[in-house]
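In: any chance you can model this:
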Amino acid sequence: MKKAKKRKAKRQTRGSPTWPPGAWKPKRRGAIYCSPACGANCTWAEHQWAKREAKVLAKHLGKGWEPRVWENMRWFWKVVSPCDRIKVHPTYDRRADSAIDMLASLVPVSYLAFLGTPDSAGGKWSASGDTPGAAIRNVVAKAIADLAEIQASIGGLEEWQE
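Out: Have a look, this model is predicted:
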């Protein structure tokens, strides 16, 4: 008898489908500017607004701050410090019950800063503030407080080091 050939099982990716090349590259279709894999019908106007807001904040924070814009069911933005360790995101009140609320939702209600290693998506520390500067000061203060606690905890343990 002939042995049946074993068919290789196709490898499946758990948790997320495998997307074809270019599936996450936004495409312009009239007022829509959205990646085929997103499918949320993100708009060109929202993309331009996010780019403009990010550039304004980057310029406000000073030389070397870089604006970043990305899509994930809508357009988001942040600014990244020259050292790539601090990321500042705006937070909005998205409860728009009226046209006035909708306009107000375009103005950040606060900012969230992350502090971590370069090239990290966020950071080990996070803190918010009413202004970008306050958020940055708060996240740095949080990291400094943690460092002081760590130093107090390991003080006197030099004998255990090799």
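In: so who does residue 79 touch?
Out: Taking Cβ atoms under 8 Å, 6 or more residues apart in numbering, we find residue 79 in contact with 54, 57, 58, 61, 65, 66, 67, 68, 87, 88, 132. C-beta: built from backbone N, CA, C; applies to glycine.
In: meant to ask about residue 73
Out: 38, 40, 42.
In: averaging pLDDT per element, find the lowest-scoring helix or strand in this structure.
Out: Using mean pLDDT, DSSP states H and E, helix 99-104 stands out as the lowest-scoring helix or strand of the chain, at a mean of 55.
In: next SSE downstream of that helix?
Out: Using DSSP states H and E, the helix or strand that follows helix 99-104 in sequence is strand 110-115.
In: now do the helix or strand that that next one is followed by against strand 110-115, angle only.
Out: Per DSSP H and E, the first helix or strand lying C-terminal to strand 110-115 is strand 125-129. Angle, strand 125-129 to strand 110-115, by axes from the mean of the first three to the mean of the last three Cα atoms, to 10 degrees: 160 degrees.
In: tell me the contacts of the nearest residue to residue 81 once chain neighbours are set aside?
Out: Of all residues not flanking residue 81 in the chain, residue 65 sits nearest, at 6.2 Å (Cβ to Cβ, 6 or more residues apart in numbering). Residues near residue 65 by Cβ under 8 Å, 6+ apart: 57, 58, 59, 79, 80, 81, 82.
In: tell me the one of those nearest residue 127?
Out: Nearest to residue 127 among these: residue 81, at 14.5 Å, using Cβ to Cβ.
In: how near is that closest one to residue 108?
Out: With distances taken as Cβ to Cβ, to the nearest Å, residue 81 is found 18 Å from residue 108.
In: which ones are touching residue 54?
Out: 67, 68, 69, 77, 78, 79.
In: ok, of these, which one's closest to residue 25?
Out: residue 69 (13.6 Å).
In: what residue spans form the domains of this structure?
Out: 25-80, 82-155 (automatic domain parsing).
In: residue 131 and residue 109 touch, don't they?
Out: No: contact criterion Cβ atoms under 8 Å: residue 131 and residue 109 do not qualify, at 11.3 Å.
In: give the closest residue to residue 119 in space, chain neighbours not counted.
Out: Distances taken as Cβ to Cβ, 6+ apart place residue 84 nearest to residue 119, at 6.3 Å, with adjacent residues excluded.
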